[in-house]
Structures are given as C-alpha cells and as structure tokens.
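Colleague: what's the 3D shape of this:
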Amino acid sequence: QVQLVESGGGLVQSGGSLTLTCAASGSGFSIINAGWYRQAQGKEREFVATSMSDGSTNYASAVKGRFTMYRDNGKNTVVLRMNSLKPEDTAVYYCNAFVGLDGAEAPKWVWGQGTQVTVRD
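Modeller: Numbers count the residues shown, from 1 in each chain. Take a look at the predicted model:
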C-alpha cells in the first residue's frame, strides 16, 4: 500500500518562506503525476501545483512566481517551495500522487493527510 506523508508546515510571517515535503512510501510503485492542493478553513480544496510525468509543471495563478514544485523520483519525494507567503496562503496543504503499481493492479490516486500552513500578517 502506498502512503504519502507531508511535512514542513508551520507558522510563518507574511513574506516568509516554507518548504513542504511529501514522502511516498510502500513497495512496487512509481509516481506518475504529483500535485499539491490546499484547503482553507470554510473553503473547498483548490489546486496549487502539479508535476506531470513529462516533466512539465503547472501552477495556480495565485501562486505562480512564488511557489516552486519539484520531485525527486529516486527518493519518491515531492517538494513545494513557497516564497513570499501571504496570509491568504493559509490553509492545510495536501500532497497527491497518481502512482503506477507493479503487477496487474491499475494505477491509482493517493492523498496525504495534509500539513497546516499559517501565514501571519
């Protein structure tokens, strides 16, 4: 069974930076696509960034130019570097991945449990 665990969240002042890491564990899998989403209190979960198998990366307009997503396939980790943080970036950040599995099992989406990011004005 593949599991994703996020880390790196916390409290930061406006204009500060944080780096979130998503570590995938399990056996017999590979990350095909990966993404970061966030959910602010009282709001729906929204897209932040995604990294595709072809190497392309896409960002939500709200974070473009401030956030950078990259992945280390050898370590099965996905990283979201967040700079110039704003109070409106406050949310629980979730990692997700579309993972390929050895054998006959079909690829599937996996979500992490989330990590809280709070940006103080």
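
Colleague: ok, and the closest non-adjacent residue to the spatially most central residue of the chain?
Modeller: By Cα atoms, centre = their mean, the mean C-alpha position of the chain lies nearest to Trp36, the distance being 3.0 Å. Excluding its sequence neighbours, the residue lying closest to Trp36 (Cβ to Cβ, 6 or more residues apart in numbering) is Val48, at 4.2 Å. C-beta here means a position set from N, CA and C on the backbone, and glycine is covered the same way.

Colleague: could you do Arg71 as well?
Modeller: Per Cβ to Cβ, 6+ apart, closest to Arg71 is Val78, 4.7 Å.

Colleague: got the CA positions of the particular helix or strand that has the one you found in it in PDB?
Modeller: Assigned by DSSP states H and E, Val78 falls within strand 77-82. As requested, C-alpha coordinates have been extracted for strand 77-82 and formatted as PDB (Å, rounded to 0.1, in the frame of the first residue of the first chain):
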ATOM      1  CA  THR A  77       9.600  12.700  -2.700                       C
ATOM      2  CA  VAL A  78       7.700  15.800  -3.900                       C
ATOM      3  CA  VAL A  79       8.600  19.200  -2.700                       C
ATOM      4  CA  LEU A  80       6.800  22.500  -2.700                       C
ATOM      5  CA  ARG A  81       9.000  25.500  -2.000                       C
ATOM      6  CA  MET A  82       6.800  28.500  -1.000                       C
END
